[in-house]
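Asks: what would the 3D arrangement of this be:
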Amino acid sequence: MRIMALDYGDKTVGVALTDELGMTAQPFETIFRERATKLRRTYARIEEIVDEKGVGEIVVGLPLLDDGSEGERCFLVRQFADDLKRRTKLPVYFEDERYTTAAADDILDEMNIAPYERKSYIDKIAASIILEQYLRKR
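Replies: Just a heads-up that it's a prediction; the model follows:
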């Protein structure tokens, strides 16, 4: 069984998956959409990945504030996660995603990825960091 992690954003969702043994996390894909409210295709693509890759659980990054409290953004992420749970019938867990985008940006710096190319990488790398954190806690 694979585990999927999602880094939910206004116009993108970064996707990471574990290997088949559920031990390592790898960036998989970035799902792009035109507007924050256009989620139908995003949900459909996530469902396709779940079916194709044999995903058994989903981890969603929760954008906590610096003090660890939940802001308005967390409410939107929780709504997204509730919809995912309903649609996929899979357990959905949350993982603190504070600073994962900054960490992903640092990784891209180390890889010498040009700033204009980062958009296609940063969210799926952030999702893999979320997934790595989750796996370490298990």
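Asks: going forward, measure contacts and count neighbours with C-alpha atoms only.
Replies: Fine.
Asks: show me the contacts for the residue located most distally from the centre of the chain.
Replies: Distance to the chain centre peaks in the chain at residue 112, reaching 23.1 Å (criterion: C-alpha atoms, centre = their mean). For residue 112, the contact set (C-alpha atoms under 8 Å, 6 or more residues apart in numbering) is empty.
Asks: so that it lines up with my notes, have the first residue be 160 from now on.
Replies: OK, 160 is where the count begins now, so the last one is residue 271.
Asks: show the pLDDT at it.
Replies: As predicted, residue 271 sits at a pLDDT of 81.
Asks: and it, how close does it get to residue 264?
Replies: Relative to residue 264, residue 271 is positioned 10 Å away (C-alpha to C-alpha, to the nearest Å).
Asks: so where do the strands sit in the chain?
Replies: 161-167, 171-177, 184-191, 214-221, 251-255 (DSSP state E).
Asks: most neighbours per residue, which of those?
Replies: Stretch with highest mean neighbour count among those: strand 161-167 (a mean of 27; mean count of other C-alpha atoms under 10 Å).
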